[in-house]
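Q: below: sequence and its predicted model.
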Amino acid sequence: MKATIAVLAGDGIGPEIIREALKVTRAIEKKFGHEFTYTEAITGACAIDAVGDPYPEATHEICMAADAVLFGAIGDPRFDNNPTAKVRPEQGLLRMRKQLGLYANLRPVETFDSLLHKSPLRKDLVEGANFMCIRELTGGIYFGEKGRKDNDNTAFDNCVYTRAEVERILKLAYEYAMKRNKKLTVVDKANVLETSRLWRQIAQEMAPTYPEVETQYMFVDNAAMQIIQWPKNFDVMVTENMFGDILTDEASVITGSLGLLPSASIGLHTSVFEPIHGSYPQAAGKNIANPVATILSAAMMFEYAFDLKEEGALIRKAVAASLEQGFVTEDITKENAKSTSEVGDWIVNYIMCQ
Ligand code: IPM
Ligand code: MN
């Protein structure tokens, strides 16, 4: 097939991990006879430096025109430690999500047998854990009105959800539950928040439409605990934007490293595929970051955006083999750690030899 991929490497380790993911997509092109066009565009701190805008219109146009977006990471310590900065790299990511209508962020949490010993949890708790977190991505406190008042002495961030926003994400979550093990956990804070009560009310209205799915309601604090205590009890979890942000970082480490988890953001326009980790500025330029989450994001791109299941499966198989062989970066091993590019090359070589 022919497809256009917008490539947004971003900041920090972004360019290095994207480079490895692109080696992999090129290997897949060759192996399966596809023809992809790659269009690079800037976003994040590097775009602020270049044009003063973390998500320039030119970048948005490239994303809109593409069949998929492969995204690295954004963020820069220069901005983290400056709470008064008016323009921030993260605004670029948020605007991209909003402008592309990416209301659903799919974050699969899967353990790798060969890495069970790296999990901070006991092996018997994590072995076989496999669930899908579906995070609402374009609403809630991230996008509500925010500001300062009382001469800058009071700050506020409003959390707002409309019925339409909640319905579309719950519908998608139910559809995933139908395709998986038919258990849906709706995570909220309905004992305190009005938005959560709207979520729960709508979920209760929709549940009878999916009689085969067991719907479970869970407060977010309890969910944070249960992810650690019984990760195997989850199948599909759906939640609002900020709860999803927090819970997926938590869920990711039970697999052994934050550097392993990919994600897909889907919605109204072009889908975006990105690792769930950040820009890891301390590692930038050192060729030590783990490229696996980005390579697995490319696998999700093949499966979700292009419906190329065999290609996605081959990438997954190659990644699993690299982990089994212990051919891994330093976040996973202290002994004989490989570099970012060595891991990418190993995976490419495995793919080409199949
Ligand atoms: C994520 C990140 C972003 C978020 C940041 C970089 C704005 O943490 O994708 O999870 O909070 O959504
Ligand atoms: Mn996050």
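A: Ah, there it is. Numbering: from 1, shown residues only. Ligands and ions are numbered 1, 2, ... in the order given.
Q: thought Glu90 was touching Asp80?
A: No: the pair Glu90 / Asp80 is not scored as a contact, 9.4 Å apart, by Cβ atoms under 8 Å. Bear in mind the C-beta positions are built from the backbone N, C-alpha and C, glycine included.
Q: what about the one helix or strand in the chain whose mean pLDDT sits lowest, distance to the chain center?
A: Least confident helix or strand, the chain: helix 77-80 with a mean of 91, by mean pLDDT, DSSP states H and E. The chain centre lies 22 Å from the centre of helix 77-80; the measure is Cα atoms, centre = their mean, to the nearest Å.
Q: and for it, what are the contacting residues?
A: Identification of contacts with helix 77-80 by Cβ atoms under 8 Å, 6 or more residues apart in numbering yields Ala45, Ala85, Arg88, Pro89, Glu90, Pro281.
Q: still on that earlier bit, just want to know which of Glu90 and Asp80 has more residues nearby.
A: Glu90 (17 against 13; other Cβ atoms under 10 Å).
Q: ok, that one - contacts?
A: Glu90 makes contacts with Pro54, Ile74, Gly75, Phe79, as judged by Cβ under 8 Å, 6+ apart.
Q: most surrounded residue in these?
A: Ile74 (30 neighbours).
Q: is the helix or strand just after the least confident helix or strand of the chain anywhere near ligand 1?
A: Downstream of helix 77-80, the first helix or strand assigned by DSSP states H and E is helix 89-99. Yes: for helix 89-99, a contact with ligand 1 is found by Cβ under 6 Å from any ligand atom, at Glu90, Leu93.
Q: any idea how far helix 89-99 is from the chain center?
A: With Cα atoms, centre = their mean, you get 14 Å for helix 89-99.
Q: mean confidence for the following helix or strand past that helix?
A: Using DSSP H and E, the helix or strand that follows helix 89-99 in sequence is strand 104-110. Averaging pLDDT along strand 104-110 yields 95.
Q: in contact with the nearest residue to Glu110 once chain neighbours are set aside, which residues?
A: Using Cβ to Cβ, 6 or more residues apart in numbering and skipping the chain neighbours, the partner closest in space to Glu110 is Asn130 (5.1 Å). Neighbouring residues of Asn130 by Cβ under 8 Å, 6+ apart: Pro108, Val109, Glu110, Thr111.
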